[in-house]
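S.K.: structure, please.
(one chain, ligands or ions: 1)
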Amino acid sequence: MKYSPFNLNEQNQKVESRIVVALERISEAFRVLLWTESKENSLSPIQIQILIFIYFHSLEKCKVGYLADEFNMTKATISDSVKVLFAKDLVTKETDPTDTRSYSLSLTSEGKKIAKKASFFASSIEQPIEKLTEEQKTIMLNGLLKLINNLNKSGIITIQRMCFTCSNYQLDNGIHYCKLLKSRLAESELRVDCPEHELQV
Ligand code: SF4
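M.R.: Residues are numbered from 1 along each chain as shown. Next up is the predicted model:
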């Protein structure tokens, strides 16, 4: 019989199951913190996530289709959220001069104000991480990067802009190297969301 990681007998026998349950508790913390931030601004959690994403990413990534992939949602769901952001005057359209049917989203000054404040919603998760040793942080980062990479490979989560999926990344004899930065990357320097990321083909 196959046991669930949420079955306490199994969970207490397997470290993998306890990690799964621990990750579930952390995802719950994200959900609660994001929900609190959303309520303060009378927006939904995904609308807050869209504002934060636009605040920190280049214009070509701020399109409805890209956002749908980024947040693993349908285009229709993202479009509905974006309509509310337009109605509240938090985003504007930036039309592509080479293709007038296509547009990107940028933030209005009010949108920027909300995005800037909201981008700190996860601070209470970052603070206890800061108290870990450098070695603990490196091990945690590496484990999480490998987990994200595997979830990406199995199609559970879509877009990733991490070193492991980048054409500039090389692993040689256990040494991580970025061809673009022409530099070795320490384990603790591997990126989760890199502005220079180029998808492997
Ligand atoms: S370009 Fe960015 S994502 Fe790609 S290998 Fe270099 S640091 Fe990593």
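S.K.: okay, and the residue lying closest to Lys112 once chain neighbours are set aside sits in which element?
M.R.: Leaving out its chain neighbours, the residue that sits closest to Lys112 by C-beta to C-beta, 6 or more residues apart in numbering is Tyr55, at 6.6 Å. Using the backbone N, CA and C atoms, a C-beta is placed for each residue, glycine as well. Assigned by DSSP states H and E, Tyr55 belongs to helix 45-56.
S.K.: which helices and strands sit right next to that helix?
M.R.: helix 15-40, helix 64-70, helix 75-87, strand 99-107, helix 109-118 (3 or more C-beta pairs under 8 Å, 6 or more residues apart in numbering; DSSP states H and E).
S.K.: what's the separation between Ala22 and the ligand?
M.R.: Using C-beta to the nearest ligand atom, to the nearest Å, Ala22 is found at 27 Å from the ligand.
S.K.: go on, Leu171?
M.R.: 10 Å.
S.K.: beta-bridge partners for that residue, please?
M.R.: Beta-bridge partners for Leu171, by DSSP bridges, are His176.
S.K.: coming back round to it: could you count how many residues lie near the residue nearest to Lys112?
M.R.: By other C-beta atoms under 10 Å, 17 other residues sit near Tyr55.
S.K.: same question, Ser17
M.R.: Counted with other C-beta under 10 Å, Ser17 comes out at 19.
S.K.: pLDDT value on it, please?
M.R.: We have a pLDDT of 94 for Ser17.
S.K.: fine by me, thanks again.
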